[in-house]
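# got a structure for you, letters missing:
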């Protein structure tokens, strides 16, 4: 874990929901590499597959948004995840029933542009270290390369890039 930055690709809708309804606290999966294909073939970083590689996720989402692909697996998964999370948060009394309904409606009515990808660039400093930065267990990773989770990333702790 020596990289100076971590990278996470997320959709704008997820960002907006976490900003508004989760106090600008974000749950992210991230990688030390923006593009695992640029890593040495001798490094563990090269073993992060496309489904967990920030640049590949970004490009797939961007392609699906630009082509208005109504069968996009990534967008479909995001819709299901955000709706499920809204129900979970309401059941845990972390948001109100009205907020849950608002989130579900936002997800249902979102345009393709609202599913566009955002790249979070997260400087790794004193605040982004274990225990906040958690290594994903091998059995939950997309491959053998390292993946990380930050459950409480604050909006002030990352920059957003679109390309």
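Now that the structure is in, tell me what you want to look at. All values derive from a computational prediction rather than experimental measurement.
# can you give me the strands for this protein?
5-11, 25-30, 117-123, 133-135, 148-154, 159-161 (DSSP state E).
# deepest of the ones you listed, which one?
strand 5-11 (a mean of 23; mean count of other Cβ atoms under 10 Å). Yep, even glycine has a C-beta here, placed from its N, CA and C like the rest.
# for the residue of the chain most remote from its centre, give me phi and psi.
Relative to the mean C-alpha coordinate of the chain, counting by Cα atoms, centre = their mean, the farthest residue is residue 42 (26.8 Å). Dihedral angles of residue 42 (phi, psi; degrees, to the nearest 10) stand at phi -90, psi 0.
# quick one: pLDDT of it?
At residue 42, the pLDDT value in this model is 86.
# separation between it and residue 159?
From residue 42 across to residue 159, the span is 30 Å (Cβ to Cβ, to the nearest Å).
# got it, and residue 153?
According to Cβ to Cβ, residue 153 and residue 159 sit 12 Å apart.
# mutual contacts of these two, please.
residue 120 (Cβ atoms under 8 Å, 6 or more residues apart in numbering).
# now for residue 95: which residues touch it?
Contacts of residue 95 by Cβ under 8 Å, 6+ apart are 21, 86, 89, 103.
# can you lay out the residues you listed as TSV showing distance to residue 115?
Shown next, in TSV, are those (distance: Cβ to Cβ, whole Å):
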residue	distance to residue 115
21	18
86	16
89	20
103	15
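# Serialize the strands of the chain to TSV and add fields for mean pLDDT.
What follows is the strands of the chain, written out as TSV (pLDDT from 0 to 100):
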stretch	mean pLDDT
strand 5-11	97
strand 25-30	98
strand 117-123	98
strand 133-135	96
strand 148-154	97
strand 159-161	98
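# tell me which of those strands lies nearest to residue 142.
Counting by Cβ to Cβ, residue 142 lies closest to strand 25-30 out of the strands of the chain; the figure is 9.5 Å.
# now do the closest one against strand 148-154, angle only.
Strand 25-30 runs at 160 degrees relative to strand 148-154, counting by axes from the mean of the first three to the mean of the last three Cα atoms, to 10 degrees.
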